[in-house]
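Undergrad: 3D model of this:
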Amino acid sequence: MNFVSLIYTALVVLQVGLILTGGAVRLTGSGLGCPTWPECVSGSIAPVPHQAQGALHSWIEFGNRLLTILLVITIIAAVLGAFRWGRDRSDWKMIRRLAAFQFLGIIAQIVLGGITVLTKLNPFAVSAHFLLSVFLVAASLSLRERIFGKARTTVLPTTKYLIQAITALSLVVICLGTVVTGSGPHAGDIQAKRYHIAPRLISWIHADSVIALIFLTVALLLVIKVSESPENQSFIGGKALLFWIICLMQGVIGYVQYFTHLPEALVAAHLLGAGLIWLSIWNVAYKSNAFTRN
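TA: Presented below is the predicted three-dimensional model:
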């Protein structure tokens, strides 16, 4: 892997990794492990010995902050790299926008992280913190693909509209997942506020949206099979099939975790699945030019 590949692959991995470390913070009840911001405790950036929140909770929360610092460094490298390797490209304007969004987005993430701590894990702030990561993941993947000049194709209108619908529904599924988390036991701290929604009700609504996503993806696979060229059947169809498989696995994990009363390990796996679902469907949308004007 060369230096350019390392920078932009690390950017995507770290954006997804920030979702996972944020999940670890919630699952271990470490959301207030560092109760102040930007310091961990008053007078110290890092956790201190015998901290009231406990060493484990403090270092888990601080670890999430350290990953953010590493991500900031990677974003700076990616932005500088965009000017070095993208200026002479025909899509330089879009590369510049995607790079700028990474930079502005991480600043917004830092601010949202501070608001989340200062509001004692208000569920709206926590959800916004997570959802911003979702958009940054998509932008980081798009930036990586453009820098490398990865192949794209054009699909038929029906295929395009289905991909747009599935992408939008995937975002709805993820949004509902944040509401499920914000109304359940893994909201980051035992005293954290929750959404005033019955956990059972929102969990079933979330599950129904996943089922709809799975069946809509089956429809996409059939449309690709019967109407797209052999090249697109292989290129886009293969990526859509991978997305469908991830959705199936995510659905199984979701049901198992629900009926086993939300064990932390399965919830963490479900969170990883959410990141992979979004990364996978955005890859389908990007490669098919689903959100590009013809």
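Undergrad: contact partners for the residue positioned nearest the centre of the chain?
TA: Nearest to the mean C-alpha position of the chain, by C-alpha atoms, centre = their mean, lies Val134 at 3.6 Å. Applying C-beta atoms under 8 Å, 6 or more residues apart in numbering, one finds that Val134 lies in contact with 19, 171, 174, 278. (Glycine included, C-beta is placed from N, CA and C.)
Undergrad: residue ranges with poor pLDDT in the stretch 51-200 of the chain?
TA: Under the criterion pLDDT under 70, the flagged ranges of the stretch 51-200 of the chain are 53, 185-192.
Undergrad: and the residue nearest to the centre of the chain, how far from Leu242?
TA: Applying C-beta to C-beta, to the nearest Å, one obtains 19 Å for the distance of Val134 from Leu242.
Undergrad: then Leu266?
TA: Using C-beta to C-beta, Leu266 is found at 22 Å from Leu242.
Undergrad: domains in this structure, by residue range?
TA: Residue ranges for the domains of the chain, per automatic domain parsing: 1-150, 151-294.
Undergrad: next one: the last one to chain centre, how far?
TA: It stands for domain 151-294. 11 Å (C-alpha atoms, centre = their mean, to the nearest Å).
Undergrad: offset the numbering so it begins at 27, please.
TA: Taking 27 as the first residue, the last one we looked at is domain 177-320.
Undergrad: so what secondary structure elements neighbour the host helix or strand of Ala194?
TA: Assignment of secondary structure by DSSP states H and E places Ala194 within helix 183-209. Contacting helix 183-209 under the criterion 3 or more C-beta pairs under 8 Å, 6 or more residues apart in numbering; DSSP states H and E are the following elements: helix 149-174, helix 225-253, helix 256-285, helix 290-313.
Undergrad: any buried residues in that helix, and which?
TA: Applying a neighbour-count criterion of 16 or more other C-beta atoms under 10 Å, the buried positions in helix 183-209 are 185-186, 188-189, 192-193, 195-197, 199-209.
Undergrad: distance check, the closest residue to Thr54 other than its chain neighbours against Val163.
TA: Among residues not flanking Thr54 along the chain, Ile86 sits closest, at 5.4 Å (C-beta to C-beta, 6 or more residues apart in numbering). With the distance defined as C-beta to C-beta, Ile86 ends up 22 Å from Val163.
Undergrad: kindly report the same for Gly203.
TA: As judged by C-beta to C-beta, Gly203 and Val163 stand 14 Å apart.
Undergrad: just give the nearest non-adjacent residue to Leu267, would you?
TA: For Leu267, ignoring the flanking residues on the chain, the nearest one in space by C-beta to C-beta, 6+ apart is Leu247 at 6.3 Å.
Undergrad: quick one: the one you found from Ile237, how far?
TA: Computed with C-beta to C-beta, the distance linking Leu247 and Ile237 is 16 Å.
Undergrad: quick one: which of those two has more around it?
TA: Leu247 (17 against 11; other C-beta atoms under 10 Å).
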